[in-house]
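A.B. asks: all I have is the shape, not the residue letters:
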């Protein structure tokens, strides 16, 4: 994976985690709201998996934000 792609991947993971914590949600609660498996949320936040557009959209909706805002915030950190 190219360096910039890896950096973006890690930044997106951190943005999702920060938004989850700001919302006062556990990984399990976010997963339930987004209708995804709880272990998948953990893998995304640890940078082990990058969310697909569908999953990113579900997570963003569960966090009460647009998926594009998560992407934009991650891009600003690169």
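C.D. replies: Cool, got the structure. Note that the structure is a prediction, hence the values are computed from the model and not measured.
A.B. asks: show me where pLDDT drops low in this protein?
C.D. replies: Applying pLDDT under 70 to the chain picks out residues 1-5.
A.B. asks: report the central residue of it.
C.D. replies: The residue lying closest to the centre of the chain (CA atoms, centre = their mean) is residue 16, at 3.4 Å.
A.B. asks: what packs against whatever helix or strand residue 62 lives in?
C.D. replies: According to DSSP states H and E, residue 62 maps onto helix 53-63. In terms of contacts (3 or more CB pairs under 8 Å, 6 or more residues apart in numbering; DSSP states H and E), helix 53-63 is packed against helix 3-22, helix 27-34, helix 38-45, helix 67-77. Backbone N, C-alpha and C define where each C-beta goes, glycine included.
A.B. asks: adding distance to residue 57, write those out as CSV.
C.D. replies: What follows is the helices and strands packed on helix 53-63, written out as CSV (distance: least, CB to CB, whole Å):
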stretch, distance to residue 57
helix 3-22, 12
helix 27-34, 9
helix 38-45, 13
helix 67-77, 5
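A.B. asks: to residue 58, which of the ones you listed lies closest?
C.D. replies: Of all the helices and strands packed on helix 53-63, helix 27-34 sits nearest to residue 58, with 4.1 Å by CB to CB.
A.B. asks: buried residues of the closest one, list them for me.
C.D. replies: When neighbours are counted by 16 or more other CB atoms under 10 Å, the buried residues of helix 27-34 are found to be 27, 30, 31, 33, 34.
A.B. asks: wait, which of those residues is closest to residue 68?
C.D. replies: residue 34 (16.5 Å).
A.B. asks: I'd like to know how far the closest one sits from residue 41.
C.D. replies: Distance, residue 34 to residue 41, by CB to CB, to the nearest Å: 8 Å.
A.B. asks: try residue 24
C.D. replies: 15 Å.
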